[in-house]
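Participant: Quick one: sequence plus predicted model below, questions after.
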Amino acid sequence: MAKTDDPVALNDWYAVETLTDVTDAPRRTRLLGQDIVSFRDADGTLVTHEIDAASGALGAALPTREKFGCLWTTLGAPAREIFDIAEAAMADRRFVICGWFKMRTSGPRVVENFLDMAHFPFVHHGILGAEPHTDVPRYDCEIRRDVDEVWATNCRFFQP
Amino acid sequence: MILYDFELDENCYKVRLLLSALGLAHEKITVDMHPGGEERSEAMLALNPTGGLPILMEDGVALHGAEAILLALAHRHDPGRTWLPAHPARFGEVAKWLHFAAVDFAPAVMARRNALFDAPCDIGDVTRKAKHALRILDDHMTIREFDGAAWIVGERPSLAEFSLFPSVALSRDYGVEHEAYPALRRWMRQVRGLPGFITMPGIPGYH
Amino acid sequence: MIAGTGWYPVALADGLEAGTSFGTRVHGREVVVWRDTEGNSHVWEDRCPHRGMRLSFGFVRGGHFACLYHGWQFDAAGQCRLIPAHPDIAVPNTIRVTRARSVERLGIVWMQAPGEVELEAPAENGPTTPVRTLTIEASPSFVIEHLGSGDNAGRHDIGRLPVIAAPQPLSGTETALHLVIEGSHGSAERKAVSAWGVALRARLERAA
């Protein structure tokens, strides 16, 4: 498996580990086709490196960030820091790590799926949606130039 | 009655299937199997020293082993012997398939845990063994269809249905499609039609 | 009816119940085989034109086949007729699934791979007794070579029973073999041919 050469994909931040899982024992995973390894060194500093899948030889050191209970890294040079979620900074709130699981699909497919409501009555029937309430009411879409993000707002859907 | 349960675990699903078929009221306690590994906590090991799920607590007795729980539930709560035949030969066959589900589908459980949660195993080896068990079951149901039978044992559905269905239906989680198991495809459809049938993530509601 | 005619067996007709579907492959290309509530079988490319979801996960709804992902419904001609997210819009007639030509002959559903020059559908027909479809972990050429072509119509004499063994090339390394017996037979004969098929499967997989 080879590291992707897609610059848009490379130059972004990705959550790769749950922080509480990262100790002095190296943890290996893969990001965009590149094997990477993460651990805390003797000072407790987070370290992430590319690693050669076949030989186990350590490659380039990668930038790391701790945010939202996760270890984030990048294979490229992101133009911005990791986005903020206003609620995560509020003192009277907490976030709960629910873990991770693997699925045999591509990243863009997962993003598409998270943005989509029309599948609720069929894939998540009885929970997130139900026939005959399959109509997706018009919602608002905008590009927020200041943060260079696409936002969908005023999204509504019938949920049983 | 308390069921210690994890939504994504296929062995827990076997018990959930029977509890629903029997319409049995129960309390369900979710155990953080992943990522927490809570089934191996001190409190849970006190209930099940083998460190697994499901666990069923009834009248102060903790049972573990999905197939054992199915038998216990049927024995106590199904006096009409709807799901566990009284006929000696049929009973023996149901017991045989419960054993098969526990032992011969164990590699399938491991393959799925590896595919979903990176649980370590020799994925090639367990996948091969899982496919072997699926083939044995498909061969069985193919012969059963020649005799005009729709169920694993006898003329009615039994505990064997609930014990075997999860590992068959969820094989796609580790990349084994149902293409090679046409008799099991038809059998799964039969199981889905049973009153009280419930799905779980990985098993679509529509079919 | 045998390899090389451009028509591929994809299912035993009897094993495809009305209102159901399943996925299979021909030379690695995924197809969905389904039967509508009127009893007609269809073979389509296993890919919804919307987001590429496998149609074989879908469900039959009246005379339509619906994709599981967003419930888009397609009629028997493969035309999309309903988009549940926007139930009132007129669906453009450009939204359609790619269909394969298919026929049922000798108790088997046959498809012609889409894009190939149209060939005459197999003419032979007649009553048969379905046995089973075996999946063999061996290449189609190996299976066909070992099976032999039987007589001109692909029939093999198995214990004096006229068996048709129709190979389906799933991929370079896997082959499905559809077994039917010509004429009307009972469960004893079906079991005998099934046992022959299982033994063949074991021999081929050991030798492959």
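Facilitator: Good, I have the coordinates. Numbers count the residues shown, from 1 in each chain, chains lettered A, B, ... in the order given.
Participant: Quick check: residues of chain A near chain B?
Facilitator: A:18, A:21, A:97-104, A:122-123, A:125-126 (Cβ under 8 Å from any Cβ of the partner chain). For glycine as for every other residue, the C-beta is placed from the backbone atoms N, C-alpha and C.
Participant: average model confidence for the longest helix anywhere in chain B?
Facilitator: For chain B, the helix with the greatest residue count under DSSP state H is helix B:123-146. If you average the pLDDT over helix B:123-146, you get 98.
Participant: Kindly format the C-alpha coordinates of that helix as PDB.
Facilitator: This file holds the C-alpha atoms of helix B:123-146, laid out as PDB (Å, rounded to 0.1, in the frame of the first residue of the first chain):
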ATOM      1  CA  ILE B 123      -6.900 -13.200  10.000                       C
ATOM      2  CA  GLY B 124      -6.300 -15.500   7.000                       C
ATOM      3  CA  ASP B 125      -6.600 -18.600   9.200                       C
ATOM      4  CA  VAL B 126      -9.700 -17.600  11.000                       C
ATOM      5  CA  THR B 127     -11.400 -16.400   7.800                       C
ATOM      6  CA  ARG B 128     -10.700 -19.700   6.100                       C
ATOM      7  CA  LYS B 129     -12.100 -21.600   9.100                       C
ATOM      8  CA  ALA B 130     -15.200 -19.300   9.200                       C
ATOM      9  CA  LYS B 131     -15.800 -20.000   5.500                       C
ATOM     10  CA  HIS B 132     -15.500 -23.700   6.200                       C
ATOM     11  CA  ALA B 133     -18.100 -23.500   8.900                       C
ATOM     12  CA  LEU B 134     -20.400 -21.500   6.700                       C
ATOM     13  CA  ARG B 135     -20.000 -24.100   3.900                       C
ATOM     14  CA  ILE B 136     -20.900 -26.900   6.300                       C
ATOM     15  CA  LEU B 137     -24.100 -25.100   7.300                       C
ATOM     16  CA  ASP B 138     -25.000 -24.300   3.700                       C
ATOM     17  CA  ASP B 139     -24.500 -27.900   2.800                       C
ATOM     18  CA  HIS B 140     -26.800 -28.900   5.600                       C
ATOM     19  CA  MET B 141     -29.500 -26.500   4.600                       C
ATOM     20  CA  THR B 142     -29.200 -27.600   1.000                       C
ATOM     21  CA  ILE B 143     -30.100 -31.200   1.900                       C
ATOM     22  CA  ARG B 144     -32.800 -29.900   4.300                       C
ATOM     23  CA  GLU B 145     -34.400 -28.100   1.300                       C
ATOM     24  CA  PHE B 146     -34.500 -31.400  -0.600                       C
END
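Participant: Please tell me how far whichever helix or strand comes after that helix is from the chain's geometric centre.
Facilitator: As assigned by DSSP states H and E, the chain's next helix or strand after helix B:123-146 is helix B:159-169. Offset of helix B:159-169 from its chain centre (Cα atoms, centre = their mean, to the nearest Å): 4 Å.
Participant: okay, the angle between helix B:159-169 and helix B:123-146?
Facilitator: 130 degrees (axes from the mean of the first three to the mean of the last three Cα atoms, to 10 degrees).
Participant: lowest-confidence helix or strand of chain C?
Facilitator: strand C:155-158 (a mean of 84; mean pLDDT, DSSP states H and E).
Participant: Tell me the strands beside that one, with direction?
Facilitator: Partner strands and pairing direction for strand C:155-158 (DSSP bridges) are strand C:161-169 (antiparallel).
Participant: I'd like the average pLDDT over the partner strand.
Facilitator: Strand C:161-169 shows a mean pLDDT of 94.
Participant: what does stretch B:76-90 give?
Facilitator: 96.
Participant: Centre of the chain to that stretch, how far?
Facilitator: Its chain's C-alpha centre and that of stretch B:76-90 lie 18 Å apart, by Cα atoms, centre = their mean.
Participant: Restricting to C-alpha, output it in CSV.
Facilitator: Extracted in CSV, the C-alpha atoms of stretch B:76-90 (Å, rounded to 0.1, in the frame of the first residue of the first chain):
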residue,chain,number,x,y,z
ARG,B,76,-37.4,-22.0,32.3
HIS,B,77,-39.5,-19.7,30.1
ASP,B,78,-40.7,-21.8,27.3
PRO,B,79,-42.7,-24.6,29.0
GLY,B,80,-44.6,-25.2,25.7
ARG,B,81,-41.3,-26.4,24.1
THR,B,82,-41.7,-24.0,21.2
TRP,B,83,-38.0,-23.4,20.7
LEU,B,84,-36.4,-26.5,22.3
PRO,B,85,-38.0,-29.7,21.1
ALA,B,86,-38.9,-32.4,23.6
HIS,B,87,-38.4,-35.1,21.1
PRO,B,88,-35.1,-36.8,22.0
ALA,B,89,-33.7,-36.9,18.5
ARG,B,90,-34.6,-33.3,17.7
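Participant: show me where chain B has helices.
Facilitator: According to DSSP H, the helices that chain B contains are B:10-22, B:42-47, B:66-77, B:88-103, B:106-117, B:123-146, B:159-169, B:182-192.
Participant: Alpha carbons of the second one, as CSV, please.
Facilitator: Spelled out, it's helix B:42-47. This file holds the C-alpha atoms of helix B:42-47, laid out as CSV (Å, rounded to 0.1, in the frame of the first residue of the first chain):
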residue,chain,number,x,y,z
GLU,B,42,-12.9,-7.0,38.4
ALA,B,43,-16.7,-6.6,38.9
MET,B,44,-17.5,-8.4,35.6
LEU,B,45,-14.9,-11.2,36.2
ALA,B,46,-16.7,-11.9,39.5
LEU,B,47,-19.8,-12.7,37.4
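Participant: Just the buried positions in that helix, please.
Facilitator: B:44, B:47 (16 or more other Cβ atoms under 10 Å in any protein chain shown).
Participant: Same check on the fourth one?
Facilitator: Judged by neighbour count using 16+ other Cβ under 10 Å, the buried positions of helix B:88-103 are B:90-91, B:93-95, B:97-98, B:100-102.
Participant: Run through chain B and note the low-pLDDT ranges.
Facilitator: Judged by pLDDT under 70, chain B has no weakly predicted residues.
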